[in-house]
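# Build the 3D model from these lines:
(2 chains)
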Amino acid sequence: MTRASPLRRHVPVVLACFGLMVAAIVTAPLVGSTSISLSRAFSRSVPFADNVDAQIFFIARLPRALAAALVGGTLAAAGVVFQGLLRNPLATPYTLGVSAGASLGAMLAITFGSTWMIGGVASASLAGAFVAVAVVFALASARHRGLSTTVLLLAGVTLNAFFSALILFVQYLSDFADTFRALRWLMGDLDVGSYTPILAALPLVGVAFAGFAWLARPLNLLSIGPEAASSRGVPVERAHRVAFFTASLATGAAVSVGGPIGFVGIIVPHLVRLVIGADHRLVLPASAFFGAAFLVGCDVLARLVLAPLELPVGIITALVGGPFFLWLLIRRA
Amino acid sequence: MLTADRLTFAYDRTPVVEDVSLRIGSGAIVGVLGPNGSGKTTLLRLLSGGLAPASGHVELDGGRIRSISRRALARRVAIVPQETSLAFDYSVIEVALMGRYPHLGTFEIEGPADLAAVMGALEATGTAALADRQFRTLSGGEKQRVVIAAALAQIDGEGPPPILLLDEPTASLDLKYQFEVAALVRRLHAARGITIVLSTHDLRFAASVCTQVVLLSRGRVLADGSTSEVLTPALAGKLFDVDPSLVAPLLPATGASA
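Numbering: from 1, shown residues only, chains lettered A, B, ... in the order given. Okay, here's the model as predicted:
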């Protein structure tokens, strides 16, 4: 009896997710309250300064679509890794306090001095994420040789609550305009306005994805439990550490670009697993591609629903994602 | 040859395994027999190299087990825990393929040889027909056999004969399944020359499959020897703290002095 590896059966789905992502990124800049033509946007006969279509395409909408793809793909993949690390399909990229730290950093920058800070709100949120990660890691590895995932979860949830309290405190101290900006940031918004934030986040995301590639197989084995994984030859402590740090890094980078956009990191992996099963070697790339396409799509919706008004995308992902997720849970139960 | 030399282990200062020395010859079927809480599981984990003893050491063919690389050790020694639950929904063949982890490079994908090893292991445990089912949907007995198949796939390869450690393979399973596991253990031993170490509190099961029995009482070795020497009403009664006359009917006629 000859069999092919079950891995190969689902490779076409991963490729389809990739195609979907590319299609979303190319289509999204064409859609909006002002209609533009692709041929005019790419036309060389009109100088760029006079070509309104090209300006809308390349300056207003393309960076936004790319930011959506980067953030969506990164959050979805980080969600997969956190779920594998914590052995819990309900974990999100925000479960361990990374986004709470990032939010606190952003709030501090908005309230007390984004004007003099290098990189402004984005780098402050990244710094906040790193602080949260360091605190959670120190707590979770304090009494064990390796990382205790139970303590990790408890520390993360507690830190989330504590940082939320600090965020409210900072909000209380800030004036009207800052509070408005802070609230907008917390809603999650992809109106980046240039390529700079994307390029700044790219190296961090690249490092994280290199870690994810190494993690795919160890995460499969961690699913049967750390001890059983270790007896099969998996370096469990190293896998735990790599998973925690790379997924946190990815989440911090994504949040620094788009704010704490919710639901992508849990819905996308869940949907992907429904179609292709649980093998992380497939779930990770498929989630990254599909997450990118999903957030680009949500952002198009955000720009269209109340056009010409543009909604923060976080509202759309929550409005679309929440009920959809409930429907999934009920259907499966 | 697996040897344990004066092993001691404690969880939070409560000693679980104390001063245990054992010799497990190549090709033996060794039963670690003892009541609940006697340290059987801990002893198996120490023998597998997954747990570091507080003092003493385990040697595999004369080399310290903790100094063998994780992957090399995994290709030689596999342990099947009492229960396995998955965090995500993998199919049976995916679970069995996880056994091939120590045979593959970091980014290597399972090849025909790995699939052959896995299908052979599923067939040996009578679970080949379940290959495409979701592991979650199997019965307890089926799950156990699939995990044994993954362990067989793990130790399938070139080199000296491997060692399979089974933790309570018959606990909480019905009589029919107990017979099946006994038959499976004998088959694996005969067909593949695998050394098997299993823990159990089932006297009859130990008597029916083991060539060597170690009686473990409160973390210490009460007796160690061939099955017929060790499984006497007197020793078994002492082990379980019951009257020998109650134990005698559970033991096979041969070897029992009563």
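# State the distance from the residue most central in space within chain A to B:Val58.
Chain A has A:Leu75 as the residue nearest its centroid, 2.0 Å off, counting by CA atoms, centre = their mean. Noted for A:Leu75: a distance of 45 Å to B:Val58, by CB to CB, to the nearest Å. All C-beta atoms are positioned from the backbone trio N, CA, C, and that covers glycine.
# what sits against the spatially closest residue to A:Arg232 that is not a sequence neighbour?
Leaving aside its sequence neighbours, A:Arg232 sits nearest to B:Tyr101 (CB to CB, 6 or more residues apart in numbering or on different chains; 4.6 Å). Each residue near B:Tyr101 by CB atoms under 8 Å, 6 or more residues apart in numbering or on different chains is listed here: A:217, A:221, A:232-234, B:74, B:154.
# make it 10 Å
Residues in contact with B:Tyr101 (CB atoms under 10 Å, 6 or more residues apart in numbering or on different chains) are A:217-218, A:220-221, A:229, A:232-234, B:71, B:74-75, B:110, B:150, B:153-154.
# Any quick PyMOL command for the buried ones out of these?
Buried members of those, defined by 16 or more other CB atoms under 10 Å in any protein chain shown, are picked up in PyMOL with:
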select buried, (chain A and resi 217+218+220+221+229+232+233+234) or (chain B and resi 74+75+110+150+153+154)
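# Going by distance to B:Glu168, which of the contacts of B:Tyr101 wins?
Of all the contacts of B:Tyr101, B:Glu168 sits closest to B:Ala150, with 17.2 Å by CB to CB.
# Roughly how far does the closest one sit from chain A?
Per CB to the nearest CB, to the nearest Å, B:Ala150 is found 8 Å from chain A.
# Repeat that for B:Leu231.
29 Å.
# Likewise for B:Leu2?
For B:Leu2, the distance to chain A - CB to the nearest CB - is 15 Å.
# what sits against that residue?
Contacts of B:Leu2 (CB under 10 Å, 6+ apart): B:22-26, B:28, B:30, B:47-49, B:58-61, B:65, B:76-77, B:163, B:165, B:195, B:197.
# wait, what's in contact with the closest residue to it other than its chain neighbours?
Once flanking residues are discounted, B:Leu2 sits nearest to B:Ile24: 4.2 Å by CB to CB, 6+ apart. B:Ile24 makes contact with B:1-4, B:30, B:32, B:47, B:60, B:163, B:165, B:195-197, B:212, B:214 under the criterion CB under 10 Å, 6+ apart.
# One more: B:Asp61?
Counting by CB under 10 Å, 6+ apart, the residues that B:Asp61 touches are B:1-3, B:26, B:68, B:76, B:160.
# Export those residues as CSV, with columns for secondary structure and pLDDT.
Listed next are those as CSV, based on DSSP: H, G, I helix; E, B strand; the rest coil; pLDDT from 0 to 100:
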residue, secondary structure, pLDDT
B:Met1, coil, 87
B:Leu2, strand, 91
B:Thr3, strand, 92
B:Ser26, coil, 88
B:Ile68, coil, 91
B:Arg76, helix, 94
B:Pro160, coil, 85
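# thinking again about what came up before, now the residue nearest to the centre of chain A, what are its backbone angles?
phi -70, psi -40 (degrees, to the nearest 10).
# Out of the contacts of B:Asp61, which end up buried?
B:2-3, B:68, B:76.
# on that earlier part again, buried ones among the contacts of B:Ile24?
B:2-4, B:30, B:32, B:47, B:60, B:163, B:165, B:195-197, B:212, B:214.
# from the residues you listed, which ones fall inside strands?
In strands, judged by DSSP state E, the following of the buried ones among the contacts of B:Ile24 are found: B:2-4, B:30, B:32, B:60, B:163, B:165, B:195-197, B:212, B:214.
# of all these, which comes closest to chain A?
B:Leu165 (8.9 Å; CB to the nearest CB).
# Run through the neighbouring helices and strands of the strand or helix carrying A:Leu104.
Secondary structure assignment for A:Leu104, by DSSP states H and E: helix A:98-112. Applying 3 or more CB pairs under 10 Å, 6 or more residues apart in numbering or on different chains; DSSP states H and E, one finds that helix A:98-112 makes contact with helix A:62-86, helix A:120-141, helix A:149-173, helix A:176-187, helix A:236-258.
# on that earlier part again, same list (the contacts of B:Asp61) but as TSV, adding distance to A:Tyr195.
Shown next, in TSV, are those (distance: CB to CB, whole Å):
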residue	distance to A:Tyr195
B:Met1	65
B:Leu2	61
B:Thr3	64
B:Ser26	65
B:Ile68	51
B:Arg76	54
B:Pro160	59
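# No further queries at this time; thank you.
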